[in-house]
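Colleague: coords below, sequence missing:
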């Protein structure tokens, strides 16, 4: 297939010729009988894995098998936050590396993922929390990531619309991570998909994996709704369904599936510049380029495979929003949805690009 | 969601605290060793469909409940007092 | 020798009255938690009756006369609300119960409010997720539930409800109840004029 | 003026003045802002989102995509209000949005000229060079253009409320189907709640010229509403939108209480959010008319047919003088007849159907299409192409028609939204070319009326009655003999027609988000062919109306392009809320201190009188320090208070610590299993410090266990973990070991408890209690009862300060009395109150840990309590606490730190490094968990978690705080800074 490079010039040229010249962003190949690598799950991680296998390691005989449509899982349902303000060993390095990848991604992919490094602010509400934020911020700085510790006055200067005067949990300050921000979640899936496709990876949609063929402890391939597909190696990136897919291969995982809700309001003129997280209230918020306030909170708190939440958490999240920034009362929630999260039993999140 | 507490009757789920899989009822014996405890503490069946789980009627009667719930539809299949279930097993 | 005087958590704040509802404080002399040990419920009942009281109520129910009310207060727990201070049990649990039940003085722990009037149910429904309809939550019924994120015990009275909240949040609960009374009353007036 | 001389449901004797964009106008009570504007011939009301196209009123309900305005001014203004649902009131002020400098002349309309370059997803393909330009230039530009309305930026001080409602039957929608069902169920005695988003019940009956049983439908409506309002078991809530269906028969609903009032009394909420629990639900939400896509179909003056009938029949407004109609179904003809009856000129009916009988009352072009429109700020002319099949017209004849209003009807989309909120998909019905709600989509829900495809009033009434019967059968009741009135009209005859092909201009599908047929075609070309891809790529259906008008048309276009049928193409997911819900009402009572209950300690009043600074601890407010005259900085107060405890005596309110009565024959056995250390060996009258583990081996909490009897213990928890610990105890007792006979009662609220600490604490206690407090009766870690006059108090000789100390507990209602007595007695001994800050200093000096150290990731051994884990018994967490990784040497261990360099500063959260090492992550040796200035020692001290810390006492390390740019040397030492052998404690 013809490989098309995107640019302002192309947009201009196509604009003048009725936008007739654009080509499919990826092919719809028929699955081959065998691949060197089969990746189950065409979400953010599956597509990125395929892309890096092809680009970095020149492994191109790869298929990504997606049960529904590309980017239809959590990568298309999160609240678009990108950040590296983690503290603990393991996640700290992981997210630090991830943010560096984000920073070069649009040029590498020739696809604008709209990374917007508008800063992630975590608020602290007690001396103890400020110490914990300092510990975290220092850890970030120690590995080369950015962090600033703001006191109350400095926080107020930057985000004056927070409730500093009547808050139930007074704002003592915050930890600002300027390189954090948001990215267009769908775009990263599509960008990786296009990048992988251009390098020969077969992206196969509407193809559900129904089982593994295993002989003498070795995986030979996967049974799918479109027949058997042989594989040298099989990668699994099916957040929310990891337990089920792993169980098909006889593995038990230390995971429970939980639903996490997210919300967006009607479009509004810019009013919130940063990503702000309010730990005491389990609430975080940012404003999208289209003007919607995008926000969320904690897990609903029970196992679920239904991609929807319930009112108590929705109400709690809105209450926290009103507690933190009472100016958003007249913003109206347009849509709420739920994503399924793989939660380890320590309840540390397993997903990359959300909070 | 609503749960029918065997003591209090039908109540809004907001009165309850969710704990997780009902396998937590089957705590290994002290001498069972680390592997058994690892399984107990961490590993989960995490089924699609009916799930046995523990809820605590924290803002109600404070009974721990053993609930069978379809985690795809959120339909509550049964609710029993956890201590009764546990004693029934013993 | 010191002699301390008690102070209600809602001292001087009640009653509160708006069109259609009255919120007032109720003072019980002694509130005692009774949790019978295994197999001792009958013995507890015998003992209670010997003290001139009623037997323990069924789950979700109230028993006994107003002056010596017994309410079910959760799994395995009952509260004896005695209008007279120190009538049945002093702050030191009655040793006669030693083998029968866990007794615990709760006189200070709970604050009781009474909400009455034509719109009492409507007011409570602003704050409480319980099905309060008269046909469901009847006289003689008691429930442990939630009121604006706070744990409460409530039961229906002839013209309204009695609501128990723990002492530390009594003022918050009172404020939320009076706020709901304002809201309901104002909306009712609006409905009449428009 | 386009107000019709007669008719309508407006109160002509009650004029209402209002302003739109500064212009003073008058409408009548009963008008919406939209109808009042149309009555003044105001057609241009807004600008579109992306291209700033002039837009007018399209609909007459909550689905309106164009007429979004700002209501009110300044801090109290509300953006994005649908003019079609806003009732007017005296003095209402409305402004148009998304335009600069004015609505008629909007500079941003230049975007429209650039439209070819702003095709779907264009931004993914550009703005990438140069790299820094995105954030500095492109994105700010895009952001400025974003959104429609603006928040005022001021705190929203409106009053919002919430409530819970229960009913046997919730009926969603008070149109013919809903009212008929309500009548039947109401008469049968069910507890019924009817909710309708309109301010008048009746649904389409208010907007159509229908007859029921031979009389005007209005008569039936009036009688029915009167009967329903007389029934005590039926509650009719207008201005109430059911916004979401949730699990367990729970529905969310917003009641707009006072949006229609200019000056409501103070206590009246603006909105109330209802959580409705219903045993059964009848969804009678009606249907929404859909547009047809054709070139430039978005001009002001182009309106939906059903909306036009509403404006004419209900609001007595003529939407134009020379009206034309574009339709693919009978609704177009019905509209034409209503217009004619109201004396409004109908220029032409352009019917896409070639095979319908001609209507002779007006020019009826059959097999015809509108292919172009003209009129920059309002429609002036349309171009019509009549096809070959039309009799009397030549093949493909093009004609221009002067018209100022074009009425469009593309058929109806049943409002299936709520039936899909639990994940069900709607099902296709070919005869009406629409999706209807699937049976059993939501447990307990029955669908009636137009929502299930019963489009005529007669059918809707019948279906409402049938639904009520279904519900009654399920709930075990009987419907009284009741007949649905007969209506004359027939069902809607439709031939599916979605968009006009081959037009020149852009044909709009999504008016809200400016998405055209070409955008969908582009998505198809680029292989975004699943509906979800199409939606996400073009943003179709993501605007304020959530695609209520747009989605079906777009599906049909995509179906065409892919050669699939519409049902094969499928819908996107319907999500709550049905119409947008304000944050204010969903988050009602979240603002300010209401966000979480405030728990008050018994000394709250006195602390306030003394001017103490309060600080939250869990949900409690506790005094942090008590400033005295001359103290201007908290440190001065804190230092004084801490020294006061070390030198004389201090008193502190510790009521917020969790206190649990544990009683029962098996109490001791039980506590052995939940605490790491041995409890059963504790003697009556003694107290033991104890640690509780989680099953994974980490520390859950610490506290004390006091034994008051053979079967009676009182245990304490930290303030923050009190709830969690009690839950854990209940879990252990009910789930793990129900064979043990043990009871818990939280007595936190029962006892007001105060620490009395310092060398003079015994003196103070003796002065307080009836009998002297001797060391024989109350040795260190002793407990018992004492009398204070008529009161029995609990006394514990425990210390969190390292000094001789007591904790005394009295029933909480005597707390305030004791507080004042303590205050007086302490003052007599040169002591006084100390707050949380001094408490922290004292515990750090003594080396005690709090949740700053016990952060859920430490073992008992990590914090030096390893010896407490008894080897003689099992307990929760014991096995897992001995895992290899948790007992290895390479762990962070609790140590003390003191300054060893020129700078004495120690900072919480700073990290530690070996001398000479780069301060990078690989060299991290640990971090400071808490620190304070020790007035006793005269320098700062800290606790830190340090790698192999206990083996490194005496080592000098470098503290680096990158954030605050502080580096200093410090020495690792024992965390116990004072009285390591406990002489002061024991006295």
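Modeller: Now that the structure is in, tell me what you want to look at. Nothing here was measured: the structure is a model prediction, and the numbers come from that model.
Colleague: and chain B, is stretch A:73-90 touching that?
Modeller: No - Stretch A:73-90 lies out of reach of chain B by CB under 8 Å from any CB of the partner chain, never closer than 15.2 Å. For every residue, glycine as well, the C-beta is placed using N, CA and C.
Colleague: who's in contact with residue D:179?
Modeller: By CB atoms under 8 Å, 6 or more residues apart in numbering or on different chains, residue D:179 lies in contact with D:194, D:201-203, D:221, D:224-225, D:228, D:464.
Colleague: can you tell me the SS state at it?
Modeller: Counting by DSSP: H, G, I helix; E, B strand; the rest coil, the backbone at residue D:179 sits in helix.
Colleague: can you pull out the helices in chain B?
Modeller: B:34-42, B:82-89 (DSSP state H).
Colleague: reformat those as TSV; add mean neighbour count.
Modeller: Formatted as TSV, these follow (neighbours: other CB atoms under 10 Å in any protein chain shown):
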stretch	mean neighbour count
helix B:34-42	16
helix B:82-89	16
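Colleague: identify whichever of the ones you listed lies nearest to residue D:401.
Modeller: For those, proximity to residue D:401 was assessed by CB to CB; helix B:34-42 is nearest, at 73.7 Å.
Colleague: burial measure for residue A:225, as a count.
Modeller: 11 (other CB atoms under 10 Å in any protein chain shown).
Colleague: that one: what's it in contact with?
Modeller: Residue A:225 neighbours (CB under 8 Å, 6+ apart): A:206-208, A:210.
Colleague: that one and residue A:95: what is the separation?
Modeller: Separation of residue A:225 from residue A:95 (CB to CB, to the nearest Å): 35 Å.
Colleague: name the nearest of the contacts of residue D:179 relative to residue D:306.
Modeller: residue D:203 (11.0 Å).
Colleague: with adjacent residues omitted, what lies nearest to the closest one?
Modeller: residue D:175 (2.3 Å; CB to CB, 6 or more residues apart in numbering or on different chains).
Colleague: what of residue D:977?
Modeller: Closest residue in space to residue D:977, ignoring its immediate chain neighbours: residue D:845 at 4.8 Å, by CB to CB, 6+ apart.
Colleague: now the residue nearest to residue D:203: phi and psi?
Modeller: Backbone geometry at residue D:175, expressed as degrees, to the nearest 10, gives phi -90, psi -170.
Colleague: that one contacts residue D:207, doesn't it?
Modeller: No - using CB atoms under 8 Å, residue D:175 makes no contact with residue D:207, being 10.0 Å away.
Colleague: and these two? which has more neighbours close in?
Modeller: The residue with more neighbours, out of residue D:175 and residue D:207, is residue D:175; 29 against 24, by other CB under 10 Å.
Colleague: ok, back up a step: closest one to chain A among the helices of chain B?
Modeller: helix B:34-42 (3.9 Å; CB to the nearest CB).
Colleague: show me the contact partners of the closest one.
Modeller: Defining contact as CB under 8 Å, 6+ apart, one finds that helix B:34-42 is touched by A:254, A:344-345, B:23-24, B:26-28, D:695-696, D:879-880, D:882-883.
Colleague: which one of the residues you listed is nearest chain C?
Modeller: Of the contacts of helix B:34-42, the one sitting nearest to chain C (CB to the nearest CB) turns out to be residue B:24, at 18.5 Å.
Colleague: how about the contacts made by the closest one?
Modeller: Counting by CB under 8 Å, 6+ apart, residue B:24 touches B:40, B:54, D:735.
Colleague: swap in residue D:535?
Modeller: Contacts of residue D:535 by CB under 8 Å, 6+ apart are D:541-542, D:547, D:554, D:572.
Colleague: list just the nearest of those residues to chain B.
Modeller: residue D:572 (20.3 Å).
Colleague: just the pLDDT for the spatially most central residue of chain B.
Modeller: The residue lying closest to the centre of chain B (CA atoms, centre = their mean) is residue B:54, at 1.7 Å. pLDDT, residue B:54: 97.
Colleague: quick one: the nearest residue to it once chain neighbours are set aside and residue D:318, what's the gap?
Modeller: The shortest distance from residue B:54 to any non-neighbouring residue, by CB to CB, 6+ apart, is to residue B:19 (4.2 Å). Counting by CB to CB, the gap between residue B:19 and residue D:318 amounts to 64 Å.
Colleague: please see if stretch D:276-293 touches chain A.
Modeller: No - figure legend: stretch D:276-293 not in contact with chain A (CB under 8 Å from any CB); closest approach 10.4 Å.
Colleague: now that stretch: how far from the chain's centre is it?
Modeller: 23 Å (CA atoms, centre = their mean, to the nearest Å).
Colleague: now swap in stretch D:157-171 and tell me
Modeller: In terms of CA atoms, centre = their mean, the centre of stretch D:157-171 is set 15 Å apart from its chain centre.
Colleague: about what we covered before: out of the contacts of residue B:24, which comes closest to chain C?
Modeller: Among those, residue D:735 lies closest to chain C (CB to the nearest CB), at 12.6 Å.
Colleague: hang on, that closest one packs against residue B:56?
Modeller: No - checked against CB under 8 Å, the pair residue D:735 and residue B:56 is beyond contact range at 9.1 Å.
Colleague: find the residues that touch each one of these two.
Modeller: What both residue D:735 and residue B:56 touch, as defined by CB under 8 Å, 6+ apart, is the set residue B:64.
Colleague: tell me where the stretch 51-200 of chain A has strands.
Modeller: A:62-65, A:81-82, A:120-124, A:148-151, A:173-177, A:181-182 (DSSP state E, counting those that start in this stretch).
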